[in-house]
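>>> I'd like to go over a predicted model; first the sequence, then the structure.
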Amino acid sequence: MLDIRFIRSRPDIVRADLKKRGDTEKLEWVDDLLKKDVRARELKIETDALRQRRNTIAREINTARKAGQDVTVLLAEAADLPGKIRDNETEQEMIADAIRAYQMRLPNILHESVPVGKDDTENVEIKREGRVRTFDFELQNHGQLAVERGWADFERATKISGAGFYFLKSSLVLLDLALQRFAIDLLAQKGYTPVIPPYMINRSSYEGVTDLGDFEKVMYKIDGDDVYLIATSEHPIGAMYKGEIFETKDLPLRLAGISPCFRREIGAHGLDTKGLFRVHQFTKVEQFVFCRPEDSWEIHEELLANAEEMYRKLEIPYRVVNICTGDIGTVAAKKYDIEAWMPRENTYKEVVSCSNCTSYQAVRLNIKVRDKSNFESKQHVHTLNSTAVATSRVMRAILENFQNKEGLVEIPKILRPYMNDQEYL
RNA sequence: GCUGAGGUAGUCUAGCGGUAGGGCGCAGGCCUGGAAAGCCUGUGGUGCGAAAGUGCCUCGGGGGUUCAAUUCCCCCCCUCAGCGCCA
């Protein structure tokens, strides 16, 4: 969320950003929020004065009693104070809740390079990489191919868990693990520390890292407990340092999260109905960085470069798009997607999402950095996250891009050391 | 799940109705040719103030009693130890 002090001092920036997003209904929120903020501070001054009087009088009563003096006048005054204080506190709480509710719903301030657009059709392509293969035969649907070869079982998974689930078997299990290990090794070599997080986290931690709407749309709640299944390791890793202060020397902190990801929302159907593209559960290796505010834009490019390197090495053609205002959501200040070439559909489809969340998550989570040379000054850190590999989607890309006429699937060379040096699945 | 002990500022620890004290760490200052040691100050959140300052809040969380709660009462959460169950 946005720091109240930032909103207070630069409401012009907040308003301009909402206009850029076309989110004009929230302009009124800013006005109302600023009004409530003024009232909140008036109330604080009043209430603090009442509390000061209460504290003083309590001490006076104590001193007078010890001196054996009469305290009835003091007690009479003191008796009125708690009620007055309580009335003020009630109003203060109401206003604080209202301000917080606005803050939780106001989106992050966008980077100037974010293109204006109404929805995902207006995202801006930045580049294309890789050689797109041509096929002189009809490609098989990756899901059907996987079932025929005994690499996946969707029907039995549907029987026991519902649509959107799958059993992975034999070669695809090894491929899944190979992709994870490839990604971890590549990131570890670049200074990222691998992390396996808890797969369930509680609501208050979750509110720090995600959009409120996600609780209804995306997350699975565990019945009877205050915990949710994680939708990505970004969430537990972001919340990991909640309420903490980093030393400058400890930043940037580069982490590589490895976890299953659970998502209720699986969206559109069509070609993807049966298969590995839109599923309720998949495994993902994720890059996550905590850094000083001045470093985040450079690191955002680093995360994208790392992700691109993976797809180049996997020999999967891709393009990079700059996500527009209508598609970016509330948390990120700028977001790139990498879309892998899916030859059967003749189109690029999302496999990586790479975001600079600037201080938006850090403000909610209260994560700061302290500079040793200026001990008193603390700033909120910036957080960034980017997919390295979401194994289900990359497996689909491999099953399609590396298929041959005989229905065999070649294993990308970079993965073969992780696959007992096999050439084909 | 049961029993017991705990939760005090970055960390350790005292206080157990009347302004939360000390050790360590860290930051700054004095001292020094430089350092160490020693000594002094500071250390979380927030309000007012140009600043110097000054006030309020903070003893796991929430209620209650009281002029006044870290302290007394009630509910909840978490940690540790032992026992039980368990891959």
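Perfect, thanks for sending it. Because the structure is a prediction, the values reported are computed rather than measured.
>>> just the helices in chain A please.
All helices of chain A, identified by DSSP state H, fall at A:4-9, A:11-21, A:27-66, A:72-105, A:142-148, A:154-161, A:170-189, A:203-209, A:214-217, A:234-239, A:296-313, A:360-365, A:391-401.
>>> closest one to residue A:114 among those helices?
Among the helices of chain A, helix A:11-21 comes nearest to residue A:114, with 8.0 Å by Cβ to Cβ. For glycine as for every other residue, the C-beta is placed from the backbone atoms N, C-alpha and C.
>>> Mind listing what's buried along that closest one?
Within helix A:11-21, the residues scored as buried using 16 or more other Cβ atoms under 10 Å are A:14, A:17-18, A:21.
>>> And for stretch A:413-422?
Of the residues in stretch A:413-422, A:415, A:418-419 count as buried by neighbour count, 16+ other Cβ under 10 Å.
>>> ok, how many other residues are close to residue A:291?
Around residue A:291 there are 23 other residues, counting by other Cβ atoms under 10 Å.
>>> I'd guessed it sits against residue A:299; true?
Yes. The pair residue A:291 and residue A:299 qualifies as a contact (Cβ atoms under 8 Å) at a distance of 5.5 Å.
>>> Could you tell me which residues touch both of the two?
Contact criterion Cβ atoms under 8 Å, 6 or more residues apart in numbering; residues shared by residue A:291 and residue A:299: A:252, A:384.
>>> Give me the distance between residue A:184 and residue A:91.
Separation of residue A:184 from residue A:91 (Cβ to Cβ, to the nearest Å): 53 Å.
>>> repeat for residue A:260
According to Cβ to Cβ, residue A:260 stands 46 Å off from residue A:91.
>>> Tell me how many other residues surround residue A:341.
24.
>>> returning to what we had before: of residue A:184 and residue A:91, who's got more company?
Counted by other Cβ under 10 Å, residue A:184 and residue A:91 do not tie: residue A:184 has more neighbours, with 17 against 14.
>>> Pull the contacting residues for that one.
Residue A:184 makes contact with A:194, A:256, A:258, A:285 under the criterion Cβ under 8 Å, 6+ apart.
>>> Would you mind checking the residues you listed for buried ones?
Using 16+ other Cβ under 10 Å, the buried ones in those are A:256, A:258, A:285.
>>> Which of those fall within strands?
Taking DSSP state E, the ones among those that sit in strands are A:256, A:258, A:285.
>>> pretty sure residue A:280 is touching residue A:166, no?
No. Residue A:280 lies out of contact with residue A:166 (Cβ under 8 Å); the separation is 9.2 Å.
>>> the more surrounded of these two?
residue A:166 (26 against 19).
>>> Give me the nearest residue to the more buried one, chain neighbours excluded.
Excluding the flanking residues, the one nearest residue A:166 by Cβ to Cβ, 6 or more residues apart in numbering is residue A:157, at 4.8 Å.
>>> Look up the pLDDT of the one you found for me, please.
pLDDT, residue A:157: 91.
>>> residues in contact with it?
Per Cβ under 8 Å, 6+ apart, neighbours of residue A:157: A:165-167.
>>> Likewise for residue A:411?
Shown in contact with residue A:411 (Cβ under 8 Å, 6+ apart): A:175, A:398, A:402, A:419, A:422-425.
>>> Output the set of residues of the stretch 1-150 of chain A in proximity to RNA strand B.
With the criterion set to Cβ under 7 Å from any atom of the strand, the stretch 1-150 of chain A comes near RNA strand B through A:4-5, A:41, A:44-45, A:47-49, A:51-52, A:54-59, A:61-62, A:65, A:75, A:78-79, A:81-82.
>>> Just the buried residues of these.
Among those, those classed as buried by 16+ other Cβ under 10 Å are A:4, A:47, A:54, A:57, A:61, A:78, A:81.
>>> Going by distance to residue A:308, which of these wins?
residue A:4 (37.7 Å).
>>> The closest one is in contact with residue A:103, isn't it?
Yes. Counting by Cβ under 8 Å, residue A:103 is a contact partner of residue A:4 at 6.7 Å.
>>> Using PDB, list the CA coordinates for stretch A:151-166.
Output of stretch A:151-166 as PDB, limited to C-alpha atoms (Å, rounded to 0.1, in the frame of the first residue of the first chain):
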ATOM      1  CA  TRP A 151       3.100 -39.300 -18.600                       C
ATOM      2  CA  ALA A 152      -0.100 -37.900 -17.100                       C
ATOM      3  CA  ASP A 153      -3.500 -39.000 -15.900                       C
ATOM      4  CA  PHE A 154      -6.100 -36.300 -15.900                       C
ATOM      5  CA  GLU A 155      -9.300 -38.400 -15.600                       C
ATOM      6  CA  ARG A 156      -8.400 -40.100 -12.400                       C
ATOM      7  CA  ALA A 157      -7.200 -36.800 -11.000                       C
ATOM      8  CA  THR A 158     -10.600 -35.300 -11.900                       C
ATOM      9  CA  LYS A 159     -12.300 -38.300 -10.300                       C
ATOM     10  CA  ILE A 160     -10.600 -37.800  -6.900                       C
ATOM     11  CA  SER A 161      -9.900 -34.000  -6.800                       C
ATOM     12  CA  GLY A 162     -11.900 -32.300  -9.600                       C
ATOM     13  CA  ALA A 163     -11.100 -30.600 -12.800                       C
ATOM     14  CA  GLY A 164      -7.800 -28.800 -13.000                       C
ATOM     15  CA  PHE A 165      -5.800 -31.500 -11.300                       C
ATOM     16  CA  TYR A 166      -3.500 -34.100 -12.700                       C
END
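>>> Many thanks, we can stop here.
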